[in-house]
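Novice: this one's sequence-less:
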C-alpha cells in the first residue's frame, strides 16, 4: 500500500524556520513526482514545491528563495522528501500536505499544521 506520512509541523515565530518531512513508501520512486501543498483556513489548497521523479525542484513564486525541497531515496520504494522553510511569515500558516503523483495515480498524506505567529 502507498503511504505518505508528514511530520515536522508546529508553531514558530515570524522569521523562524521549520523543516517538514514526507515519508513515502509503497511506490516506485522513478514513476512519481512528490510535492508539497498547503491549505490555509478559508482558502483553496495550493502547490508550494515539487521535486520531480528525476530530481528537478520547482516552487511557487511566494516561497522562492525561502523554501527548499529535497529528496532522499532510501530504496526503490521508500523516499523521504523534505521541505526546509526559512524566513517564515504569518501568511505561510496552513496545513501542509505531501502529494505523490504519477501519470495514472496520485496520493495524499494526512497533513501537518504549520502556524507562524507575528
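Specialist: Looks like it arrived, so ask away. Here the structure is a predicted model, which means the values were calculated and not measured. Numbers count the residues shown, from 1 in each chain.
Novice: show me where the chain has helices.
Specialist: Using DSSP state H, no helices are assigned anywhere in the chain.
Novice: Please list the residues outside stretch 36-43 that contact it.
Specialist: Here stretch 36-43 makes contact (Cβ atoms under 8 Å, 6 or more residues apart in numbering) with 20, 22, 45-50, 69, 81, 83, 91-99, 111, 114. (C-beta placed from N, C-alpha, C; glycine too.)
Novice: So which of those residues are in strands?
Specialist: Using DSSP state E, 20, 22, 46-50, 69, 81, 83, 94-99, 114 are the members of those that sit in strands.
Novice: how about the helix or strand of the chain with the lowest mean pLDDT: buried residues?
Specialist: Least confident element among the helices and strands of the chain, by mean pLDDT, DSSP states H and E: strand 67-75 (a mean of 92). Residues 67, 69, 71 are the ones in strand 67-75 that count as buried (16 or more other Cβ atoms under 10 Å).
Novice: and it, which strands flank it?
Specialist: Looking at strand 67-75 with DSSP bridges, its partner strands are strand 78-85 (antiparallel).
Novice: any idea of the mean pLDDT for the partner strand?
Specialist: What strand 78-85 shows for mean pLDDT is 95.
Novice: Not counting its own residues, what contacts the least confident helix or strand of the chain?
Specialist: Strand 67-75 has contacts (Cβ under 8 Å, 6+ apart) with 29, 34-36, 48-51, 55, 57, 59, 79-86.
Novice: Residue 18 against residue 10, yeah?
Specialist: Yes. Residue 18 lies in contact with residue 10 (Cβ atoms under 8 Å); the separation is 6.3 Å.
Novice: Specify which member of the buried residues of strand 67-75 is nearest to residue 105.
Specialist: Nearest to residue 105, judged by Cβ to Cβ, of these is residue 71 at 18.7 Å.
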